[in-house]
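Participant: From the sequence below, what's the structure:
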Amino acid sequence: VHLSCDKWALQSFHGPEIVGAFAVVAQLAIYPLIFGSGFLNTLVVPVAYERAGDLTQYQKLMSAYRLLACIAIAYLAGLLLLMGVFFIFHHKLVLLISNIKFAEFSFLLPWITGAWGLFYFGQVLSNFGMLANKTSIYIAPKIAAAIIAAISTFYLSARYGVAGVVWGIALAGFVYAFWCFIIAIKIKHSLRVSIA
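Facilitator: Model prediction:
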């Protein structure tokens, strides 16, 4: 639902031509985010798991959490850099992968990147809970974010057009990332108390 509601909202209120133009820009925004978060998760997260061991030694666990914090900071830095590049070159990049009829929404490229970047930042933050073997704790944030995305993209698209869809995705991504951030803090604190 979360990954498709933007296109559903645009189809409902603006038609298939707008969906196509938006999809080109959205794909250009999403693929670097998927690659970046996947690269960090594949390359560095296993090192954090190795450092954490069996979750019984406080120093090892804190070493793993420091590494996960570095991953989160690296992801945010990469996201801001990517948004900056997209602010400068959005029109040229959209033209590079498509044609002039799809460049209508190129100005939204950095904003879509930021909106989806929040969601993938939440995914990066979920490594804190995964490390602590608390995977089910992320069901509620994902469901809440999907519901918020579905409602807000339809509502904001009807009121503000294509930009409203981006705001809806950003709202859902922010809620998800913030919730995952709170979970990470609580897990770190609870493990400190239980191990000490």
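
Participant: any weak-confidence spans in the protein?
Facilitator: Scanning the chain with the threshold set as pLDDT under 70 gives 192-196.

Participant: Can you point out the buried residues in the strand or helix carrying A26?
Facilitator: With secondary structure defined by DSSP states H and E, A26 is part of helix 16-43. Neighbour counts over helix 16-43 (16 or more other CB atoms under 10 Å) mark 18-19, 21-26, 28-30, 32-33, 36-37, 40-41 as buried. Glycine gets a C-beta too; all of them are placed from N, C-alpha and C.

Participant: So what's the gap between it and the chain middle?
Facilitator: 10 Å (CA atoms, centre = their mean, to the nearest Å).

Participant: which parts of stretch 70-78 are buried?
Facilitator: Buried residues in stretch 70-78, counted by 16+ other CB under 10 Å: I71, A72, Y75, G78.

Participant: roughly how far is it from the heart of the chain?
Facilitator: For stretch 70-78, the distance to the chain centre is 12 Å (CA atoms, centre = their mean).

Participant: who's in contact with it?
Facilitator: Stretch 70-78 is contacted from outside by G36, S37, L40, N41, V44, V45, A48, Y120, F121, V124, L125, N127, using CB atoms under 8 Å, 6 or more residues apart in numbering.

Participant: Try it again at 10 Å.
Facilitator: Here stretch 70-78 makes contact (CB atoms under 10 Å, 6 or more residues apart in numbering) with 32-33, 35-37, 39-41, 43-45, 47-48, 117, 120-121, 123-125, 127-128, 177, 180-181, 184.

Participant: Could you do stretch 10-18 as well?
Facilitator: 7, 19-23, 26, 101-102, 104-105, 153-154, 157-159, 161-162, 164-165.

Participant: What count of nearby residues applies to I137?
Facilitator: 17 (other CB atoms under 10 Å).

Participant: Now do the SS call for it.
Facilitator: Counting by DSSP: H, G, I helix; E, B strand; the rest coil, the backbone at I137 sits in helix.

Participant: I figured it was touching S126, is that so?
Facilitator: Yes - with contact defined as CB atoms under 10 Å, I137 and S126 form a contacting pair (8.8 Å).
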